[in-house]
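Asker: predicted model follows, preceded by the sequence.
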2 protein chains.
Amino acid sequence: MMHDPQHRAVSRRNPLALPRREQRPSGNSMAPERWLLRKVHGAVGEPPLRICLWDGYGVGPEADELMIELRDRGALYRLLRHPKLAFGDLYSSGRLRIHGDLTRVLHVLIESMNTRAGKRAAWAGWFRRGRVRKGASLTAARGNIHHHYDLGNDFYDLWLDRAAMQYTCAYFESQEHTLEQAQLAKLEHVCRKLRLQPGQTVIEAGCGWGGLARYMARQYDVRVRAFNISREQLTYATDMAREEGLEGRVEFIEDDFRNIDGSCDRFVSVGMLEHVGPANYEALSGVINRCLRTDGLGLVHTIGRNRPAPLDAWIEKRIFPGAYVPSVAELMRLFESVPFSILDVENLRLHYAETLHHWLERFRTHREEVVRRYDESFARAWELYLAGSAATFHTGGLQLFQVVFAHPTNNEVPRSRGDLYQAPATPYRV
Amino acid sequence: MMHDPQHRAVSRRNPLALPRREQRPSGNSMAPERWLLRKVHGAVGEPPLRICLWDGYGVGPEADELMIELRDRGALYRLLRHPKLAFGDLYSSGRLRIHGDLTRVLHVLIESMNTRAGKRAAWAGWFRRGRVRKGASLTAARGNIHHHYDLGNDFYDLWLDRAAMQYTCAYFESQEHTLEQAQLAKLEHVCRKLRLQPGQTVIEAGCGWGGLARYMARQYDVRVRAFNISREQLTYATDMAREEGLEGRVEFIEDDFRNIDGSCDRFVSVGMLEHVGPANYEALSGVINRCLRTDGLGLVHTIGRNRPAPLDAWIEKRIFPGAYVPSVAELMRLFESVPFSILDVENLRLHYAETLHHWLERFRTHREEVVRRYDESFARAWELYLAGSAATFHTGGLQLFQVVFAHPTNNEVPRSRGDLYQAPATPYRV
């Protein structure tokens, strides 16, 4: 494999590739290292899982059903120095192994840190270090987005839904529904919240592979102008629109949200705000204010938090450079600077945990394919990211907010949300 | 009337009584006064209504269908010095008259100030001056609440709904519904958002005349402990509970929210936060955090804004001392300090405009009675307050937020809001 030029060409595309360091034989662990391991276990609230060193020395329950294993001396010291970043990197490179179900281990770990013991532990601050990010400049934004979304449509195509290629939270009206049903239900739920009427004009900021834009045009007969800075995604979106005969009704535009012009009856943005950064919220609200007609409605769908905090250092460095997840108060910078009137906020946190479980399951089905295209460390990194996100949503560390808003003087706003629930949003068959 | 001792005794209870100043004959208006009047008209965006002086000199449209009349020279100068405060005081004392429909005139005035012309006018800042209030101390809180709510149950009984004595925003599923139906629908909507189950315990902070507490106990078979610092209201609430045979299920407690103890499955507060003040939000969230079980749900119903701003100076001084109306970002101090997880925010702004129209109409039906009990200036002040609030909600200057929240780790939270809309919240008959 090492000499397969085909493989080398592909694996060069792995943006998560880490500098290779030789793993030296570590020998037996020493007393200070064992003391440090006990400290680490205490710092995360003494979770009911085993943490052990390369020579088998461990702390926590004797049963090794759920276990975190540090495979060499250097791994321990790296973890101590940059806990969050190292955890992800060491897992990706295989120097930190997790035994038992990955999501379950991360769940137990996070839950333990959230307990009283975890919060008050002597080293509790050690694992929580981080910094607040500023907004991305226009150039940095393109770099950041390419990093994540230009991995190749084929990659996401492996494990996202087959119905609308949605890389955002689905809406599970029932936990029995498939990912495809739930993603279409999400699109339908968003359209209902926007109270779309035939003939209206819609601007979408950050349209991904164009699933929502095409759904709106197809199901609600509106005209959509959808913006994105990822060329790969736009090529896919445009091809699909042509295939579906939607050319005249959906226009995909390769440009930054800051350059959006024209006017619209509805403004929608699903899963873009995470990449915008708080420093740019006012620029975005300026754009919306300029474009949205006085009697219009808008919707922003974004990952959020219960209180301000930096993004997980590893996610920020390896998965989503430049991303930031706002609390509701921070999110209000987007709406109160103009101001807009907040009509409706819904939190779909548990729906995102569900979505991530589906993604992880599908990802694993195609794991060999991923390793072939990228490499083992890339596959491990993505599994950690998906499992860790599922665990974080499930334990309440991340939220998913859908915010409906309007200009303050718009009295055509809906008086009730009952219309959203008159019929199921989920299609019977996909 | 002036010598009727009965009348004098009652009118002493009017907390809005202003120092009496003799109104001197003003003679003809002078050139500088006319210039100032034109400035005033420009400062409020040149609204399509006439503003005129005591001698008939006026600006704005010739037709005097909608007209504001300053009845003496001193009124003009007071208005110039303290515009917001003076407008209310001069109206109450009859030195500023409004011709045509009061709500309509205020609506036109506010709308004009909200326009581009109104915002950019040379003196635009003049009418908007104000200051941000701090939270009320425990002693001040009692004084503030007595000022407003101890006017006498009989007073509110004249013009609030007959079904539940609600002095907060109603919920009009149809504009055809009566105030009684809409207030019961509000109670039902709140109960549904709380997902009340028989046998649960509920703490209510700021229970008014106990309408919600009794409704919850009666309709949902829960046990309620309801807190309030207005003795008059509590006496009424307790009497009603006894009459309805709810003694064992509702307990009314005369105490400040800061002293709430015990634990509960549900925490609810409808229309209290406006009196709490941002400086005390953390104290309130501390109380909720202490009382609400880990699997509980909470709801806060409060007047809000699209962006931070001081309360109207006249309302703050004459009607609601110590009140403050937060923006969503400010409101988040209540939730992000603990933190809680925001599940659902609904804005019922237009429902409050509707509610206020009903209140004003009923108030006018009983105007003579109000004048008899208090005096003419009291009646005028309340009409201005009700009409002005209706106009402010209708023009988008105030919002009504219902916020549902939970502890961050509560995974028993509802996954959809569809259950709120399975049946009408409004009773067919009241």
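Answerer: Looks like it arrived, so ask away.

Asker: and whichever residue of the stretch 151-300 of chain A sits closest to chain B, how many neighbours?
Answerer: At 6.6 Å from chain B, residue A:173 is the closest residue in the stretch 151-300 of chain A, using C-beta to the nearest C-beta. Heads up, the C-betas are built off the backbone N, CA and C, glycines and all. When counting by other C-beta atoms under 10 Å in any protein chain shown, one arrives at 20 neighbours for residue A:173.

Asker: cool, and the one 3 residues further on?
Answerer: Residues near residue A:176, counting by other C-beta under 10 Å, number 8.

Asker: ok, now residue A:259?
Answerer: Counted with other C-beta under 10 Å, residue A:259 comes out at 11.

Asker: how near is it to residue A:334?
Answerer: Distance check for residue A:259 against residue A:334: by C-beta to C-beta, to the nearest Å, it reads 18 Å.

Asker: what packs against the strand of greatest length in chain A?
Answerer: Longest strand in chain A by number of residues (criterion: DSSP state E): strand A:292-304. If you count contacts as 3 or more C-beta pairs under 8 Å, 6 or more residues apart in numbering or on different chains; DSSP states H and E, strand A:292-304 packs onto helix A:179-193, strand A:264-270, helix A:328-336, strand A:399-406.

Asker: let's have these in TSV, adding mean neighbour count and mean pLDDT.
Answerer: Shown next, in TSV, are those (neighbours: other C-beta atoms under 10 Å in any protein chain shown; pLDDT from 0 to 100):
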stretch	mean neighbour count	mean pLDDT
helix A:179-193	24	98
strand A:264-270	24	98
helix A:328-336	23	97
strand A:399-406	24	98
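
Asker: mind putting those in JSON lines, distance to chain B included?
Answerer: Formatted as JSON lines, these follow (distance: least, C-beta to the nearest C-beta, whole Å):
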{"stretch": "helix A:179-193", "distance to chain B": "9"}
{"stretch": "strand A:264-270", "distance to chain B": "17"}
{"stretch": "helix A:328-336", "distance to chain B": "4"}
{"stretch": "strand A:399-406", "distance to chain B": "6"}
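
Asker: including distance to residue B:377, could those go into CSV?
Answerer: As requested, the helices and strands packed on strand A:292-304 are arranged in CSV below (distance: least, C-beta to C-beta, whole Å):
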stretch, distance to residue B:377
helix A:179-193, 47
strand A:264-270, 48
helix A:328-336, 37
strand A:399-406, 38
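
Asker: do you know which of these lies nearest residue B:286?
Answerer: helix A:328-336 (17.8 Å; C-beta to C-beta).

Asker: ok now that closest one, how far from the chain's centre?
Answerer: Relative to its chain's centre, helix A:328-336 lies at 20 Å (C-alpha atoms, centre = their mean, to the nearest Å).

Asker: what pLDDT does the residue of the stretch 151-300 of chain A closest to chain B get?
Answerer: pLDDT, residue A:173: 98.

Asker: from residue B:189, how far out is it?
Answerer: 22 Å.

Asker: next one: residue A:224
Answerer: 34 Å.

Asker: so residue A:28 sits in a helix?
Answerer: No. Going by DSSP: H, G, I helix; E, B strand; the rest coil, the assignment for residue A:28 is coil, not a helix.

Asker: which residues does it contact?
Answerer: By C-beta atoms under 8 Å, 6 or more residues apart in numbering or on different chains, residue A:28 lies in contact with residue A:55.

Asker: where do the strands sit along chain A?
Answerer: According to DSSP E, the strands that chain A contains are A:50-52, A:58-59, A:67-70, A:96-99, A:201-205, A:223-228, A:250-254, A:264-270, A:292-304, A:341-347, A:399-406.

Asker: where does pLDDT dip in the stretch 101-250 of chain A?
Answerer: Regions of the stretch 101-250 of chain A meeting the criterion pLDDT under 70 cover residues A:122, A:124-150.

Asker: show me which residues of it sit near chain B.
Answerer: Contacts of the stretch 101-250 of chain A with chain B, taken as C-beta under 8 Å from any C-beta of the partner chain, map to A:111, A:114, A:172-173.

Asker: residue B:253: which of the helices and strands packed on strand A:292-304 is closest?
Answerer: Here helix A:328-336 is closest among those (C-beta to C-beta), at 31.4 Å.

Asker: touching the closest one from outside, list them.
Answerer: Against helix A:328-336 from outside (C-beta under 8 Å, 6+ apart): A:273, A:278, A:281-282, A:284-285, A:300, A:302, A:304, A:308, A:326, A:342, A:345, A:401, A:403, A:405, B:306-308, B:327-329, B:332-333, B:335-336, B:342.

Asker: take the strands of chain A and lay them out in TSV including distance to residue B:65.
Answerer: Below are those laid out as TSV (distance: least, C-beta to C-beta, whole Å):
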stretch	distance to residue B:65
strand A:50-52	80
strand A:58-59	83
strand A:67-70	78
strand A:96-99	77
strand A:201-205	39
strand A:223-228	43
strand A:250-254	49
strand A:264-270	35
strand A:292-304	27
strand A:341-347	31
strand A:399-406	31
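
Asker: ok, residue A:398 to residue A:169 distance?
Answerer: 10 Å.

Asker: over to residue A:310?
Answerer: Residue A:310 sits 21 Å away from residue A:169, going by C-beta to C-beta.

Asker: same question, residue A:313
Answerer: Distance of residue A:313 to residue A:169, given as C-beta to C-beta: 23 Å.

Asker: name the residue in the two with the higher neighbour count.
Answerer: residue A:169 (27 against 19).

Asker: so who does the more buried one touch?
Answerer: A:186, A:271, A:301, A:303, A:348, A:351-352, A:355, A:400.

Asker: next, count neighbours for the residue lying closest to it once chain neighbours are set aside.
Answerer: With sequence-adjacent residues excluded and distances taken as C-beta to C-beta, 6 or more residues apart in numbering or on different chains, residue A:169 is closest to residue A:352, at 4.2 Å. As a burial measure, residue A:352 scores 24 neighbours (other C-beta under 10 Å).

Asker: same thing with residue A:31?
Answerer: Residue A:31 has 7 neighbouring residues, counting by other C-beta under 10 Å.

Asker: what separation is there between it and residue A:62?
Answerer: Look at residue A:31 and residue A:62: by C-beta to C-beta, they are 21 Å apart.

Asker: again, but for residue A:424
Answerer: Distance of residue A:424 to residue A:62, given as C-beta to C-beta: 49 Å.

Asker: which one's more surrounded, those two?
Answerer: residue A:424 (14 against 6).

Asker: how is chain A partitioned into domains?
Answerer: Here chain A is described, according to automatic domain parsing, as comprising the domains A:5-128, A:138-421.

Asker: pull out the buried residues from stretch A:353-370.
Answerer: A:353-360, A:362-364, A:366-367, A:370 (16 or more other C-beta atoms under 10 Å in any protein chain shown).

Asker: nope, stretch A:244-257 is what I was after
Answerer: In stretch A:244-257, counting by 16+ other C-beta under 10 Å, buried: A:246, A:249-253, A:256-257.

Asker: before we move on, what about stretch A:309-318?
Answerer: Going by 16+ other C-beta under 10 Å, stretch A:309-318 has these buried residues: A:309, A:311-318.

Asker: quick one: mean pLDDT for that stretch?
Answerer: Across stretch A:309-318, pLDDT averages out at 89.

Asker: same question, stretch A:370-377
Answerer: 92.

Asker: check the separation of the first and last residues in it.
Answerer: In stretch A:370-377, first residue to last residue: 10 Å (C-alpha to C-alpha, to the nearest Å).

Asker: from the chain's centroid, how far away is it?
Answerer: 21 Å.

Asker: ok, now stretch A:103-122?
Answerer: 22 Å.

Asker: now intersect the buried residues of stretch A:353-370 with the helices, please.
Answerer: Using DSSP state H, the members of the buried residues of stretch A:353-370 that fall in helices are A:353-360, A:362-364, A:367, A:370.

Asker: would you mind finding the longest helix in chain A?
Answerer: Chain A, longest helix under DSSP H: helix A:376-394.
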